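Visitor: quick check, what structure comes out for this input:
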Amino acid sequence: MAVAASKGYHTPDGLERAVVDLVRVGTRGHGAGVRQLASRLMRSVPTGVQDIESFRDAVHQAIAAGSDTTELRYVSGAVPTEGESAQPLVDIDLLPDGEGLVLSNDVMVEFNEVLLERSRADELRRAGAGLTRTLLLSGPPGVGKTMAARWLAQSLQLPLLSLDLSSVVSSYLGTSGRNIKSVLDYAKSGPCVLLLDEFDAIAKRRDDDSDIGELKRIVNVILVELDRWPDTSLLIAATNHRQLLDTAVERRFDRSLVLSLPGDEERHAILNNLAAGVERVDTGALVLATELTSGMTSSDLTRLWSLAHRRSILNDSAVTDELLSQLARQIEDAGPRRDKLFLTMHNKLGMSNRQIAALMGVSHPTVAAGIKRAEGA
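Guide: This is a model prediction of the structure:
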């Protein structure tokens with residue numbers, strides 16, 4: 001298990017990092033990027049700020065003061081748009097945030113190799129070895145494919161361009177090939193990380209008779225683009241359905257990685273990251289929550305934690321109590337699994353029968369009986 005290094009501002013060099021990021025985004029002339037950074041500064045106040053609440057208030061007022069200003073144009077090129085609607089075809093994030101990414105160790109090893117290649121690019125080019133230019137990420141929904149793209153872009157200090165291929169194809173059928181090509185050309189005009197989400201929407205097997213001819217032609221375009229992709233930018237394709245991809249397309253990628261559901265270590269690391277900076281967190285409860293969340297994705301865990309955090313504020317309670325309450329109520333009304341949970345909460349967390357009963361929404365005699373059954377088992 002590996003955890004991505006924190007890029008937050010609550011570190012010894014947090015204030016210096018915040019200033020550098022602000023200058024980097026501001027000089028690129030992108031108002032949305034400045035607002036993204038300002039929002040992050042309010043969430044993660046840099047170390048060295050004395051009056052945190054006054055700082056947050058001042059940043060908030062600065063955002064509000066500039067909300068009516070004209071949006072500055074992204075200076076690296078004209079953003080491609082759909083012809084009739086003139087809507088941008090690609091989302092641009094000049095300050096991608098991948099903080100808190102947790103993936104298996106073997107995947108993180110590959111990601112760190114991609115970063116190392118970029119830091120030694122000249123050496124690799126002189127040796128004729130080249131760099132990783134294209135990366136295919138596959139796995140079930142919610143395992144961190146989009147977050148991984150953000151983390152790579154953040155680590156490389158490159159803007160992240162995101163294109164949801166399923167929406168482009170469904171919305172602009174008839175011109176989808178031209179639109180996709182314009183986005184690819186734009187991404188090649190300057191260093192960036194380009195994320196092609198729902199990649200199977202355009203890269204399906206060409207022997208699939210259910211697809212129209214245009215989509216088959218798009219596959220041929222993608223094959224050519226993957227071969228010609230420059231190493232100044234990193235192209236990342238993400239799919240939940242790797243088995244649908246055309247085999248020729250899959251072979252064109254420099255690296256192909258499968259992201260799996262997080263194991264016990266990864267889930268515990270994700271919960272620890274979510275708990276960072278939150279008050280009244282019981283570490284023992286996080287261990288128990290890890291045991292109760294087997295089969296959940298990182299996205300599931302984030303939603304679960306967000307709900308527990310909101311409820312803890314509304315109810316003036318500990319966030320881990322709310323988290324366990326949510327998880328406990330997902331267990332069947334009665335049975336060995338619930339009895340074991342009663343026993344674990346009693347022994348490992350030192351909770352009384354009445355405390356457990358309050359969390360579970362049952363009577364304390366029910367808890368006592370369940371603990372006895374679990375001890376006997």
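Visitor: host element of the residue most central in space within the chain?
Guide: Nearest to the mean C-alpha position of the chain, by C-alpha atoms, centre = their mean, lies M147 at 2.3 Å. Assigned by DSSP states H and E, M147 belongs to helix 145-156.
Visitor: distance from the chain centre to the next helix or strand after that helix, please.
Guide: Going down the chain from helix 145-156, the next helix or strand is strand 160-164, by DSSP H and E. Here strand 160-164 is found 13 Å from its chain centre; the criterion is C-alpha atoms, centre = their mean, to the nearest Å.
Visitor: just checking: what are the partner strands of strand 160-164?
Guide: Applying DSSP bridges, strand 160-164 is found paired with strand 91-93 (antiparallel), strand 193-197 (parallel).
Visitor: ok and the longest one relative to helix 145-156, angle-wise?
Guide: Comparing the axes of strand 193-197 and helix 145-156 via axes from the mean of the first three to the mean of the last three C-alpha atoms, to 10 degrees yields an angle of 180 degrees.
Visitor: quick one: average confidence on the one helix or strand L15 maps to?
Guide: Here L15, judged by DSSP H and E, is contained in helix 14-26. Helix 14-26 shows a mean pLDDT of 75.
Visitor: same thing with stretch 197-205?
Guide: Averaged over stretch 197-205, pLDDT sits at 81.
Visitor: report the separation between the nearest residue to L349 once chain neighbours are set aside and K348.
Guide: In space, not counting the residues next to it along the chain, L349 is nearest to G284; the distance is 5.1 Å by C-beta to C-beta, 6 or more residues apart in numbering. All C-beta atoms are positioned from the backbone trio N, CA, C, and that covers glycine. G284 sits 6 Å away from K348, going by C-beta to C-beta, to the nearest Å.
Visitor: check R373 too.
Guide: Going from R373 to K348 by C-beta to C-beta gives 18 Å.
Visitor: between those two, which has more neighbouring residues?
Guide: Set side by side, R373 and K348 show more neighbours around R373, with 17 against 13, by other C-beta atoms under 10 Å.
Visitor: how about that one: what's its closest non-neighbour residue?
Guide: Using C-beta to C-beta, 6+ apart and skipping the chain neighbours, the partner closest in space to R373 is D339 (4.8 Å).
Visitor: need the contact list for G139.
Guide: Residues in contact with G139 (C-beta atoms under 8 Å, 6 or more residues apart in numbering) are 145, 240, 258-260.
Visitor: and L131, that one's in a strand?
Guide: No - counting by DSSP: H, G, I helix; E, B strand; the rest coil, L131 is not part of a strand but coil.
Visitor: my read: it touches R120, true?
Guide: No - applying C-beta atoms under 8 Å as the test, L131 and R120 come out as separate, 9.2 Å apart.
Visitor: pick out whichever of the two has more residues nearby.
Guide: Between L131 and R120, counted using other C-beta under 10 Å, L131 has the larger neighbour count: 16 against 13.
Visitor: okay, the residue nearest to that one when sequence neighbours are not counted and R303: tell me how far apart.
Guide: Leaving aside its sequence neighbours, L131 sits nearest to D231 (C-beta to C-beta, 6+ apart; 4.2 Å). For D231, the distance to R303 (C-beta to C-beta) stands at 37 Å.
Visitor: compare the two and say which is more crowded by neighbours.
Guide: D231 (17 against 13).
Visitor: low pLDDT regions in this structure?
Guide: 1-13, 27-33, 35-36, 39, 63-78, 83-86, 167, 169-174, 205-214, 332-333 (pLDDT under 70).
Visitor: quick one, domains of it?
Guide: Domain segmentation of the chain under automatic domain parsing yields 1-74, 76-258, 264-376.
Visitor: quick one: S312 from L103, how far?
Guide: 28 Å.
Visitor: neighbour count winner among these two?
Guide: Under the criterion of other C-beta under 10 Å, the comparison of S312 against L103 puts L103 first, with 28 against 20.
Visitor: which strand residues bridge that one?
Guide: A2.
Visitor: what's the spacing between the residue nearest to L349 and V19?
Guide: 39 Å.
Visitor: helices or strands up against the top helix by length along the chain?
Guide: Ordering each helix of the chain by length in residues (DSSP state H) puts helix 298-315 first. Applying 3 or more C-beta pairs under 8 Å, 6 or more residues apart in numbering; DSSP states H and E, we find helix 298-315 packed against helix 264-275, helix 319-328.
Visitor: out of these, which gets nearest to G177?
Guide: Of all these, helix 264-275 sits nearest to G177, with 38.8 Å by C-beta to C-beta.
Visitor: follow-up on the earlier one: which non-adjacent residue is nearest the residue nearest to the centre of the chain?
Guide: Nearest non-adjacent residue to M147 (C-beta to C-beta, 6+ apart): L101, at 5.2 Å.
Visitor: now that neighbour. Its backbone dihedrals?
Guide: phi -60, psi 130 (degrees, to the nearest 10).
Visitor: is it in contact with A148, as I believe?
Guide: Yes - using C-beta under 8 Å, L101 makes contact with A148 at a distance of 6.3 Å.
Visitor: secondary structure element for V114?
Guide: Using DSSP H and E, V114 maps to helix 105-119.
Visitor: okay, that helix in PDB with CA atoms only?
Guide: C-alpha atoms of helix 105-119 as PDB (Å, rounded to 0.1, in the frame of the first residue of the first chain):
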ATOM      1  CA  ASN A 105       1.700  -0.100  -3.900                       C
ATOM      2  CA  ASP A 106       2.300  -1.700  -7.400                       C
ATOM      3  CA  VAL A 107       0.200   1.100  -9.000                       C
ATOM      4  CA  MET A 108       2.000   3.900  -7.100                       C
ATOM      5  CA  VAL A 109       5.300   2.400  -8.100                       C
ATOM      6  CA  GLU A 110       4.300   2.800 -11.800                       C
ATOM      7  CA  PHE A 111       3.000   6.400 -11.200                       C
ATOM      8  CA  ASN A 112       6.300   7.400  -9.500                       C
ATOM      9  CA  GLU A 113       8.200   5.900 -12.400                       C
ATOM     10  CA  VAL A 114       6.300   8.200 -14.700                       C
ATOM     11  CA  LEU A 115       7.200  11.200 -12.500                       C
ATOM     12  CA  LEU A 116      10.900  10.100 -12.400                       C
ATOM     13  CA  GLU A 117      10.900   9.800 -16.200                       C
ATOM     14  CA  ARG A 118       9.800  13.400 -16.500                       C
ATOM     15  CA  SER A 119      12.500  14.600 -14.100                       C
END
